[in-house]
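*Asks:* Sequence and predicted structure, then a few things I'm wondering about:
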Amino acid sequence: MGWLAGVLILFFGLMASIALHELGHFSFAKLFGVRTTQFMVGFGPTLWSRHKGETEYGIKWIPLGGYIRMIGMLPPRKGDAPGQVRQVSTGPWQGLIESARGAALEEVGPNDGDRVFYSKKWWQKLIVMFAGPAMNIILAAVFFAILLMGLGTPEPQPVIGAVSKCVIPAGSNLTDCPANYTPTPAAKVGLKPGDRVVSYAGTKINSYDQLQSLIRGSGGQTVAVVVDRGGQNVPLQIPVTKNQLYDLDDPKKVVNVGFLGITPLQDRERQGPGEVAEYMGELTKHTAGALLRMPEKMVGVWKAAFTDEKRDPNGPIGVVGVSRLGGEIAASESPVVEKTAMFIALLGSLNLAVGLFNLVPLLPLDGGHMAGALLEALKKGFARLTGRPDPGYVDVAKALPVTYVMAAVLIVMGGLLIYADLVNPIRFNG
């Protein structure tokens with residue numbers, strides 16, 4: 001039951017995010033007077049719909065996205081009579097463009113002259129198309145604000161969570177202590193989970209980072225340590241040993257430093273708006289980098305789908321995989337607050353990824369239409385500077401061949417992700 005609840009939480013959370021993305025487009029299209037005939041979540045056959053005013057609102061069977069239908073997305077060719085497309089002798093691509101242009105113009109009524117998308121000012125078109133990805137980015141910021149400022153983030157405390165029995169160097173394959181093992185300094189002196197380190201070598205301890213730095217710098221020394229155990233201060237003399245550990249600044253580097261053999265207790269600490277902004281900045285940079293490596297990432301998904309290669313936990317994931325991951329999180333034995341935090345973090349990350357992906361300047365993505373609006377602004381600005389006539393709107397219909405190719409790529413990617421999510425899913429390791 002818990003697994004199903006988790007699946008539904010992530011599925012409907014993702015569907016709500018898609019609906020809000022479309023609401024971003026829809027709100028500004030209405031504001032600028034573009035006639036919008038459909039607002040749909042999903043693709044394919046209609047599951048449910050109703051009309052309100054001039055718009056049909058509905059849900060479709062295939063939950064892989066959504067759309068709003070604005071009339072006049074494709075403009076007539078310059079020189080054509082309003083509402084008509086000239087028939088010309090063309091090649092297959094040109095014929096496809098004119099056919100799509102004609103289908104788009106069939107939706108334009110006699111009173112829609114100023115309500116078509118292509119006739120709007122370039123900055124209005126830019127805002128309409130940017131509003132969808134912007135909604136996802138805003139949602140991501142809201143989710144991360146709830147996560148960091150509301151629930152807080154796990155931070156190591158100067159409190160002992162666990163004591164290691166033996167000294168095991170970094171990079172070792174050992175998971176259990178071998179026979180005749182060397183006990184850790186913490187185990188030798190009897191440190192216990194729950195002990196709070198009050199002072200180390202005479203220095204008052206205020207954070208785990210401070211304690212960790214002091215421990216690493218005191219290898220080979222016997223150090224005076226005071227711990228709070230059940231409200232009583234317990235003084236100890238601890239012979240700190242040295243061990244091979246990963247460097248704090250370069251996790252790939254191994255260094256020989258002081259070692260006590262303790263694991264800190266983790267406790268959630270609420271962060272401020274600055275930390276939220278910093279987190280969003282870092283995650284945006286990481287997500288943008290992943291999008292630039294998308295072809296490489298999809299090759300990895302292909303190999304994982306058709307071979308025994310392990311799936312990259314940081315690679316692309318589809319609706320099926322996200323929902324399945326939600327089920328595994330809900331069915332895990334993690335505390336409720338940790339499950340809640342993971343759901344919020346996952347929804348925030350997905351919204352950020354969807355928002356940034358839609359900014360890619362290729363049709364049929366929102367970024368392609370934004371690029372057309374910006375190109376129109378540049379052409380108009382250049383014409384004003386040089387005293388030339390207003391060049392008018394940019395004919396985005398000319399980019400339809402690229403659009404169809406890109407759409408086919410997106411369909412193949414979506415199908416591959418669904419298959420990979422079924423046969424070799426990304427697993428929750430919490």
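*Replies:* Structure received.
*Asks:* Could you use CA atoms for every contact and neighbour count after this?
*Replies:* OK.
*Asks:* So for the one helix or strand residue 214 maps to, mean pLDDT?
*Replies:* Here residue 214 sits within helix 208-216, counting by DSSP states H and E. Mean pLDDT, helix 208-216: 94.
*Asks:* what does stretch 49-61 give?
*Replies:* Taken as a whole, stretch 49-61 has an average pLDDT of 94.
*Asks:* Tell me where the chain is predicted with low confidence.
*Replies:* Counting by pLDDT under 70, the chain contains low-confidence residues at 1, 78-93, 95, 174-175, 430.
*Asks:* I'd like the distance from the most centrally placed residue in it to residue 225, if you could.
*Replies:* The centroid of the chain falls nearest to residue 349 when counting by Cα atoms, centre = their mean (2.8 Å). Applying Cα to Cα, to the nearest Å, the value for residue 349 to residue 225 is 42 Å.
*Asks:* Residue 381 too?
*Replies:* As for residue 381, its distance to residue 225 is 71 Å (criterion: Cα to Cα).
*Asks:* again, but for residue 214
*Replies:* For residue 214 relative to residue 225 (Cα to Cα), the value is 11 Å.
*Asks:* joint contacts of these two?
*Replies:* Counting by Cα atoms under 8 Å, 6 or more residues apart in numbering, the contacts common to residue 214 and residue 225 are residue 200.
*Asks:* Neighbours of residue 292, how many?
*Replies:* By the criterion of other Cα atoms under 10 Å, residue 292 has 12 neighbours.
*Asks:* no wait, residue 147
*Replies:* Close neighbours of residue 147, defined as other Cα under 10 Å, add up to 22.
*Asks:* Does it touch residue 346 like I think?
*Replies:* No - counting by Cα atoms under 8 Å, residue 147 does not reach residue 346; the two are 10.5 Å apart.
*Asks:* what about the strands in this protein?
*Replies:* 36-52, 55-70, 153-163, 196-200, 203-204, 222-229, 232-239, 241-246, 254-259, 262-269 (DSSP state E).
*Asks:* Relative to residue 5, which of those is closest?
*Replies:* Nearest to residue 5, of all the strands of the chain, is strand 55-70, at 18.0 Å by Cα to Cα.
*Asks:* Which other helices and strands does the closest one contact?
*Replies:* helix 2-31, strand 36-52 (3 or more Cα pairs under 8 Å, 6 or more residues apart in numbering; DSSP states H and E).
*Asks:* which residues are contacting the shortest one?
*Replies:* Outside of strand 36-52, the residues within contact range by Cα under 8 Å, 6+ apart are 15, 18-19, 22, 26, 29-30, 54-71.
*Asks:* ok, 10 Å please
*Replies:* 15-16, 18-23, 25-26, 29-30, 53-72, 107, 115-117 (Cα atoms under 10 Å, 6 or more residues apart in numbering).
*Asks:* Drop anything exposed from those.
*Replies:* Those of the contacts of strand 36-52 that meet the buried threshold are 15, 18-23, 25-26, 29, 55-60, 63-68, 70-72, 115-117, by 16 or more other Cα atoms under 10 Å.
*Asks:* Would you mind measuring from residue 68 to residue 139?
*Replies:* For residue 68, the distance to residue 139 equals 19 Å [Cα to Cα].
*Asks:* Could you do residue 170 as well?
*Replies:* 40 Å.
*Asks:* Between these two, tell me which one has more neighbours.
*Replies:* residue 139 (22 against 15).
*Asks:* So that one is in contact with residue 14, correct?
*Replies:* No - Residue 139 is beyond contact range of residue 14, at 11.3 Å (criterion: Cα atoms under 10 Å).
*Asks:* Please enumerate the shared neighbours of those two.
*Replies:* Residues touching both residue 139 and residue 14 (Cα under 10 Å, 6+ apart) are 20, 347, 350, 351.
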